[in-house]
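Chemist: Let me see the structure of the following:
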Amino acid sequence: MSKFRIKVYPERCKSCQYCIKFCPKNVFEVGKKVNAKGYEYVEPVRMDDCIGCQSCTRICPDGAIEMYKEVE
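Modeler: Reported below is the predicted structural model:
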């Protein structure tokens, strides 16, 4: 069984929320923390629901999201 891990680079995120809009499993939410540019960046809050479609990594205009596959 494999799972996917998502890494968000907070300083790259400008909270456009495209990842939230296009994620079919609603993995992301806007967090409460603010980056140096003043944006409340997105966070993967339901990572166990991730199916590895990589919609988030492809849609992010700032390359703020990376996905890794973990094999158990």
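Chemist: Quick check: the residue nearest to D62 when sequence neighbours are not counted vs D48, distance?
Modeler: Nearest residue to D62, sequence neighbours excluded (C-beta to C-beta, 6 or more residues apart in numbering): R12, at 4.7 Å. C-beta here means a position set from N, CA and C on the backbone, and glycine is covered the same way. Using C-beta to C-beta, to the nearest Å, R12 is found at 24 Å from D48.
Chemist: Between these two, which has more neighbouring residues?
Modeler: Comparing R12 with D48 by other C-beta atoms under 10 Å, the one with more neighbours is R12, at 16 against 9.
Chemist: right, and that one touches G63 too?
Modeler: Yes - using C-beta atoms under 8 Å, R12 is in contact with G63, at 6.2 Å.
Chemist: All the helices of the protein, in order from the start?
Modeler: Per DSSP state H, the chain carries helices over the ranges 18-22, 55-59.
Chemist: between those, which gets nearest to I6?
Modeler: Ranking the helices of the chain by proximity to I6 (C-beta to C-beta) places helix 55-59 first, at 7.0 Å.
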